[in-house]
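[1] Generate coordinates for the sequence data below:
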Amino acid sequence: MGRAKGRLPHLSIIALAGVALNFFVGWWWADPAAALAMTPIILREGLEGIRAKVGEADACC
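    Numbering: from 1, shown residues only. Okay, the predicted model is just below:
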């Protein structure tokens, strides 16, 4: 199990929390705030993928 797969549940939980707060409580800003909270995680994963050497990359296919 790679590092990216371990973080996917966190991203889903953050996104679901933002949508749920928007729907149930009416906080219109919760969904954009959740997207901003996910940004550093997504950027870190992207940079790790770009910087990974050929031998270190996860074999996806």
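[2] Dead centre of the protein: give me the residue that sits there.
    The residue lying closest to the centre of the chain (CA atoms, centre = their mean) is residue 11, at 3.6 Å.
[3] Would you check that that one makes contact with residue 38?
    Yes - Residue 11 lies in contact with residue 38 (CB atoms under 8 Å); the separation is 5.5 Å. C-betas here are computed from N, CA, C, even on glycine.
[4] picking up where we left off before, can you tell me how far the residue nearest to the centre of the chain is from residue 25?
    21 Å (CB to CB, to the nearest Å).
[5] Kindly report the same for residue 35.
    17 Å.
[6] what about the two, which has more around it?
    Using other CB atoms under 10 Å as the criterion, residue 35 and residue 25 rank with residue 35 on top: 13 against 9.
[7] give me every residue that touches that one.
    15, 18 (CB atoms under 8 Å, 6 or more residues apart in numbering).
[8] if you set the cut-off to 10 Å instead, what comes out?
    14, 15, 18, 42 (CB atoms under 10 Å, 6 or more residues apart in numbering).
[9] And the first one, which helix or strand is it part of?
    What it means is residue 14. helix 3-20 (DSSP states H and E).
[10] ok now whichever helix or strand comes after that helix, how far from the chain's centre?
    Next in sequence after helix 3-20, counting helices and strands by DSSP H and E, comes helix 30-51. Computed by CA atoms, centre = their mean, to the nearest Å, the chain-centroid distance of helix 30-51 equals 5 Å.
[11] between helix 30-51 and helix 3-20, how big is the angle?
    Orientation note: helix 30-51 sits at an angle of 170 degrees relative to helix 3-20 (axes from the mean of the first three to the mean of the last three CA atoms, to 10 degrees).
[12] Show the average pLDDT along helix 30-51.
    Helix 30-51 shows a mean pLDDT of 92 in the predicted model.
[13] Surely residue 31 and residue 22 touch.
    Yes - counting by CB atoms under 10 Å, residue 31 touches residue 22, with 4.7 Å between them.
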